[in-house]
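Participant: I'll drop the sequence and a predicted model, then ask my questions.
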Amino acid sequence: MDFLIDTGITVIMSIAAFFVVLLIVAYSTWLERKLLGDFQLRYGPMRAGFHGLWQPIADGLKSFFKEDVIPERADKVVFILAPMISFIAAFGVVAILPFGDKITIFGREVKLILADIDISVLYLFALAAIGSYGCVLGGYASYNKYSLVGALRASALMISYELPFALTIIAIILVSGTMSFSGIVEAQTGMWNIVKQPVAFVLAIICSLAEINRTPFDMPETESELACGFNVEYSSMKFSMFFMAEYCHLFTISAIITTLFLGGWHGPFLPGPVWFFLKSLALMYFFIWERATYPRLRIDQILRFGWKFLMPVALANLVVTAVVLSFIR
Amino acid sequence: MKKGYYSIESIREGLRKPGYVTPLLKGLRYTFKMFCTKPPTIQYPTERREVHKRWRGIHRLLKDGDKFKCVGCGLCAAVCPPKAIKIVTAETETGERYPEKFEIDELRCIFCGYCVEVCPKDAIEYSQVYDFVDYDKEKFKLQKDDLVNPEQYIFQGK
C-alpha cells in the first residue's frame, strides 16, 4: 500500500511538473518576444488576447496544422528522430530540478524534486550531450548545406564549452561536497554559492549561453549566415519540437544556475517554489536582456575564447578552490 | 624616460582604456535604458495618429439642411487635373439646380485641392480620413450620398 501511494504521488508529480514546464516553455516564448520588443522600443505581440497572452497557444495550434515536409533526399529515420532527441533531452533535465523543500502530502514527506539522484550533475551533462546530438543529427539528416554547417558548428561549440562548464561545476561540487542537486541546495543554507564562487558564476553563465545556443554563441542557428542552421528543413511539429527544446533549455539552464549558485529554493518569507521560480525568472530575464544587447561572435572567435580564455580560467578557479578547501578542512 | 612595460603608469593607462568587460556592461546599461523607455508605437487600427486640420483626406460633400449645397455648376469637374469628378446637373420645377450625379474616383484623384478652392458655394471640402481600403477598384468611385459621410470609410481592422 505504501508503495502504491508513493508511486501514485511520483506519477502525479511527474505529470504536473511536465505540464507546468510545458506551460513555462510556451510562455517563455511570449516573454522573450515581449521583452525583446521592450528592449527594441516596440511592443511585441499585442493582438491575440490581452497583450498577446494567447500568442503561444495560437502559434502552437498553427504549427500543428502546418504541412510536414521531409526533404526527398533526407535520411528519414534520423530526420524524424532528431527533434525527438532534442525534445526528450531538454525535458529530461526537469526531472532533477529541485523545485522546493520537503512538503507533507497525506501524512508523508515528499521532496519537491522528481528524481533526487546522487549524480544529478552527471545526469545533467549526459542529457546536455544527448541534446546536442539532436542538433547534429538534425543538421546532418536534412541533406542541406546550411544545416550541415550548423550541425558542425553545434558540435564544435558543444565540445569546446562543455569542458569549461564541467570544470566550473566541479568547483561547485568541491564547495558543496555533493553531486546531488538537493544536497547542493542544502549546502547553500546561510550563504549562496555565488558569494563563495563569483568567478564560477560568471563562467557558468557564459558557458550555459553556449550550451543552450543563445545569442552571442548561437552558432548552430545563425539566422543571418546559415538561414536558421540545423533546422532549415524542419517544418510543422518537428520544428516546434526543436523550438520547444530551445526554450525548455532556456528555463532549465536558468533553474540549474539558480540551484547551483543562487541558493535554489532558499529565501525569506515566500515559500520555496516561489523563490525558485522567481530566481529562475530573473536569470531568464538576464538571458533575454543580453540577447537584445550583444551581437553574435564569429565561430573562430567563439572557439578561441572558449579554449584560450574560459578553459584556463575555469581550471585556475578549480585549482584555487581545491587548494583553499584543502587548507580550510 | 621611457615607460617600462610593467611600470605603474602603463598599468594605469591600461586600466583607463576600455577593456573587454566595461563595454559589455555599457551595452547592457544602454539596452536597459531602452527597456525603461516607453515605445513610441501607435497601435494603428485602435489608436490613430492625429492629422492636421487641413489634411487632405477623402472629400466630403456638404449639405444645407437636407439639400446639397452643390449647385452643379461643374467648375470642380472642369478644374480637376486628372478628371476624377463626373457631374450631371439637373433642375427642379422651381428652377433650382442640383447635382443629379456626383462621382469622385478616389483612385484617380491626386488630392490637389483645386475642387475645394474653386467651388463657389463651398460645397466640397476635405475630411481627415486617410485609410480607405477595399478589394474592388469600383468601390472607390464614391457617389454623392457616400460622400456626405466619409467617416464611414475609416479602417476598423479586419
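Facilitator: Okay, I see it. Being a predicted model, the structure only gives us computed values, none of them experimental.

Participant: what packs against the longest strand along chain B?
Facilitator: Longest among the strand segments of chain B by residue count, using DSSP state E, is strand B:97-105. With contacts taken as 3 or more CB pairs under 8 Å, 6 or more residues apart in numbering or on different chains; DSSP states H and E, strand B:97-105 sits against strand B:67-68, strand B:85-91, strand B:141-142. To be clear about C-beta, it is placed using only N, CA and C from the backbone, and glycine gets the same treatment.

Participant: which residues touch whichever residue of the stretch 151-300 of chain A sits closest to chain B?
Facilitator: Relative to chain B, the nearest point of the stretch 151-300 of chain A is A:Thr293 (4.4 Å; CB to the nearest CB). The contact partners of A:Thr293, taken as CB atoms under 8 Å, 6 or more residues apart in numbering or on different chains, are A:Phe39, B:Gly27, B:Leu28, B:Tyr30, B:Thr31.

Participant: So which of these is the closest to B:Tyr153?
Facilitator: Within the contacts of A:Thr293, the smallest distance to B:Tyr153 is 37.4 Å, found for A:Phe39 (CB to CB).

Participant: Which residues are in contact with the closest one?
Facilitator: A:Ile288, A:Trp289, A:Ala292, A:Thr293, B:Thr31, B:Met34, B:Phe35.

Participant: and the residue lying closest to B:Asp146 once chain neighbours are set aside, how many residues sit next to it?
Facilitator: Of all residues not flanking B:Asp146 in the chain, B:Gln152 sits nearest, at 7.7 Å (CB to CB, 6 or more residues apart in numbering or on different chains). Other residues lying near B:Gln152 total 10 when counted by other CB atoms under 10 Å in any protein chain shown.

Participant: Surely B:Gln152 forms part of a helix?
Facilitator: Yes: secondary structure assignment (DSSP: H, G, I helix; E, B strand; the rest coil) places B:Gln152 inside a helix.

Participant: what pLDDT does it get?
Facilitator: Listed pLDDT for B:Gln152 reads 81.

Participant: what does the one 5 residues further on give?
Facilitator: Note for B:Gly157: predicted pLDDT of 69.

Participant: what's the closest residue to A:Val175 other than its chain neighbours sitting at in phi/psi?
Facilitator: Leaving out its chain neighbours, the residue that sits closest to A:Val175 by CB to CB, 6+ apart is A:Lys196, at 5.4 Å. With angles defined as degrees, to the nearest 10, A:Lys196 sits at phi -70, psi -30.

Participant: May I ask you to confirm that A:Lys196 is in contact with A:Leu174?
Facilitator: No: taking contacts as CB atoms under 8 Å, A:Lys196 lies outside contact range of A:Leu174: 10.2 Å.

Participant: burial measure for A:Asp1, as a count.
Facilitator: To be clear, residue A:1 is Met; Asp isn't right here. Per other CB under 10 Å, the neighbour tally for A:Met1 reads 5.

Participant: Distance check, it against A:Gly8.
Facilitator: To A:Gly8, A:Met1 is 11 Å away according to CB to CB, to the nearest Å.

Participant: What residues does chain B have near chain A?
Facilitator: Contact residues, chain B versus chain A (CB under 8 Å from any CB of the partner chain): B:24, B:27-28, B:30-32, B:34-35, B:37, B:39-41, B:43.

Participant: Filter these down to the buried ones, PyMOL style.
Facilitator: In PyMOL syntax, the buried subset of the residues of chain B next to chain A is picked out as below (16 or more other CB atoms under 10 Å in any protein chain shown):
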select buried, chain B and resi 28+31+35
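
Participant: Show me chain B divided up by domain.
Facilitator: Structural domains annotated on chain B: B:1-37, B:59-153, as defined by automatic domain parsing.

Participant: Worst mean pLDDT among these?
Facilitator: Mean pLDDT is lowest for domain B:1-37 among these, at a mean of 75.

Participant: May I have the phi/psi pair for the residue of the stretch 151-300 of chain A closest to chain B?
Facilitator: Backbone torsions for A:Thr293, taken as degrees, to the nearest 10, come to phi -100, psi -50.

Participant: any idea how far B:Glu138 lies from A:Arg304?
Facilitator: B:Glu138 sits 65 Å away from A:Arg304, going by CB to CB.

Participant: more crowded one of these two?
Facilitator: A count of neighbours by other CB under 10 Å puts A:Arg304 above the other of B:Glu138 and A:Arg304, at 13 against 8.

Participant: Geometric centre of chain B: which residue is closest?
Facilitator: In chain B, the residue lying closest to the centroid (CA atoms, centre = their mean) is B:Tyr130, at 4.4 Å.

Participant: how much space between it and B:Tyr153?
Facilitator: Distance, B:Tyr130 to B:Tyr153, by CB to CB: 10 Å.

Participant: Next: A:Tyr133.
Facilitator: For A:Tyr133 relative to B:Tyr153 (CB to CB), the value is 58 Å.

Participant: the more surrounded of these two?
Facilitator: Neighbour count, other CB under 10 Å: between A:Tyr133 and B:Tyr153, B:Tyr153 has more, with 21 against 18.

Participant: Can you verify my assumption that A:Phe99 contacts A:Ile113?
Facilitator: Yes: using CB under 8 Å, A:Phe99 makes contact with A:Ile113 at a distance of 6.5 Å.

Participant: Compare the two and say which one has the larger neighbour count.
Facilitator: With neighbours defined as other CB under 10 Å, A:Phe99 and A:Ile113 compare such that A:Ile113 has more, 25 against 22.

Participant: Skip the chain neighbours and tell me the closest residue to that one.
Facilitator: Using CB to CB, 6+ apart and skipping residues adjacent in sequence, the residue nearest A:Ile113 is A:Pro98, 4.3 Å away.

Participant: next one: A:Gly131
Facilitator: A:Gly131 sits nearest to A:Ala89 (CB to CB, 6+ apart), 3.5 Å away.

Participant: mean confidence for whichever helix or strand A:Lys279 is part of?
Facilitator: A:Lys279 belongs to helix A:272-293 when assigned by DSSP states H and E. Helix A:272-293 carries an average pLDDT of 87.

Participant: Following it in sequence, what is the next regular element?
Facilitator: Note on helix A:272-293: by DSSP H and E, the next helix or strand toward the C-terminus is helix A:299-304.

Participant: Report the buried residues of the following helix or strand past that following helix.
Facilitator: Scanning forward in sequence from helix A:299-304 by DSSP H and E, the next helix or strand is helix A:311-328. Going by neighbour count (16+ other CB under 10 Å), the buried part of helix A:311-328 is A:Met311, A:Val313, A:Ala314, A:Leu315, A:Asn317, A:Leu318, A:Thr321.
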